[in-house]
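Undergrad: Provide a 3D model corresponding to the input given below.
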Amino acid sequence: MFEFAGKVAVITGAASGFGRAFAQKGAVLGMKLVLADVNPEALAQAALAAFGKVHCCSITQV
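TA: Below you'll find the predicted structure:
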């Protein structure tokens, strides 16, 4: 089995569906994740559910 603790992943579409499921599993495995989605409110909820804390950064005004 592979060791994922401490590994880094970028997950797009992380607010719902497979992206959210991957984010939750990655959090359980101890991964460092960058989560992205077009729906910032749903993304914040998904991150909070996965990690218990949220650090948000919007890149929509770049």
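Undergrad: beta partners of Thr12?
TA: Ala36 (DSSP bridges).
Undergrad: contacting residues around it?
TA: Thr12 makes contact with 19, 36-37, according to C-beta atoms under 8 Å, 6 or more residues apart in numbering. C-beta: built from backbone N, CA, C; applies to glycine.
Undergrad: Need the contact partners of the helix or strand bottoming out on mean pLDDT in the chain.
TA: Here the helix or strand of the chain ranked lowest by mean pLDDT, DSSP states H and E is helix 40-51, holding a mean of 87. Defining contact as C-beta under 8 Å, 6+ apart, one finds that helix 40-51 is touched by 14-16, 20, 23-24, 26-27, 33, 35-37, 53-54, 56, 58.
Undergrad: what's the burial count for Ala5?
TA: 8 (other C-beta atoms under 10 Å).
Undergrad: and it, what is it in contact with?
TA: 29-31.
Undergrad: Ok, Asp37 next?
TA: With C-beta under 8 Å, 6+ apart, Asp37 has these contacts: 12-16, 19, 43, 46.
Undergrad: In PDB, list the C-alpha atoms belonging to stretch 3-20.
TA: Extracted as PDB, the C-alpha positions of stretch 3-20 are listed here (Å, rounded to 0.1, in the frame of the first residue of the first chain):
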ATOM      1  CA  GLU A   3       1.900   6.100   2.000                       C
ATOM      2  CA  PHE A   4       0.000   9.300   1.400                       C
ATOM      3  CA  ALA A   5       0.600  11.200   4.700                       C
ATOM      4  CA  GLY A   6       2.400  14.400   4.000                       C
ATOM      5  CA  LYS A   7       2.000  14.200   0.200                       C
ATOM      6  CA  VAL A   8       0.600  17.200  -1.600                       C
ATOM      7  CA  ALA A   9      -2.300  17.200  -4.100                       C
ATOM      8  CA  VAL A  10      -4.400  19.800  -5.900                       C
ATOM      9  CA  ILE A  11      -8.000  18.800  -6.200                       C
ATOM     10  CA  THR A  12     -10.300  20.700  -8.600                       C
ATOM     11  CA  GLY A  13     -14.100  20.400  -8.300                       C
ATOM     12  CA  ALA A  14     -13.600  19.800  -4.600                       C
ATOM     13  CA  ALA A  15     -16.900  21.200  -3.400                       C
ATOM     14  CA  SER A  16     -19.000  18.200  -4.600                       C
ATOM     15  CA  GLY A  17     -19.000  14.800  -6.100                       C
ATOM     16  CA  PHE A  18     -15.700  12.900  -6.700                       C
ATOM     17  CA  GLY A  19     -13.600  16.000  -5.900                       C
ATOM     18  CA  ARG A  20     -15.200  16.300  -2.400                       C
END
